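Q: Build me a model from this:
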Amino acid sequence: MKARKRPAPARSKRAPAPSAHGASLTRRVTFTAEHRYWRPEWSAERNSATFGDYVRAHSHHYVCDVTVRGTVDPLTGFVVDLGELDRVLDVEVRRAFDHRNMNDDVPEFGDGKLTPTGENIARVILERVRRALDTHATVARVTVAEDATLSATVEGA
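A: You can find the predicted model right below:
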């Protein structure tokens, strides 16, 4: 017996209405920065045993994806004003991290504070963007990759 083909679903000629359930938008930014893993309250031996070669300063070309989530504005079709998001990312990510030594130039990673691991870098960026973004959208996620083989993701609350 030969199978009958189903008719293709009818397509609307109008654009679908924006979702009242919300959507997310991800913007990628890049920066190059230097860091090292070091706990000042530990001995050099303990730092070396814990962090290995990463106790020495080294740099990466970071790729950072920032995802915001919110309700789609029915007039603009945006979850967030892209111009505002880009301004915030320029100040809070590019200018704050690009061509910087994170241990010296980023206050959150100063001696005795956070170790600039991928996880902590993502967390700091999430907190900075959340504070600076003047919108109804929320920062849902930040992923920071230091190369093609290693990334860290922090989810927003």
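Q: mind checking which helix or strand the residue positioned nearest the centre of the chain is in?
A: Most central in the chain under Cα atoms, centre = their mean is residue 142, positioned 2.7 Å from the mean C-alpha point. Using DSSP states H and E, the element containing residue 142 is strand 138-147.
Q: Over to residue 127?
A: Going by DSSP H and E, residue 127 is part of helix 118-132.
Q: Alpha carbons of the strand holding residue 142, as CSV, please.
A: As requested, the backbone C-alpha atoms of strand 138-147 are provided in CSV (Å, rounded to 0.1, in the frame of the first residue of the first chain):
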residue,chain,number,x,y,z
THR,A,138,18.0,40.4,32.7
VAL,A,139,21.5,39.0,32.1
ALA,A,140,20.9,35.3,31.8
ARG,A,141,24.3,34.0,31.0
VAL,A,142,27.9,34.9,30.4
THR,A,143,30.4,32.5,28.7
VAL,A,144,34.1,33.4,28.6
ALA,A,145,36.4,31.3,26.4
GLU,A,146,40.1,31.7,26.7
ASP,A,147,40.7,29.5,23.7
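Q: Pull the residues that contact it.
A: Under the contact criterion Cβ atoms under 8 Å, 6 or more residues apart in numbering, strand 138-147 has outside partners 24, 26, 60-70, 118, 121-123, 125-126, 129-130, 133, 151-156. (C-beta placed from N, C-alpha, C; glycine too.)
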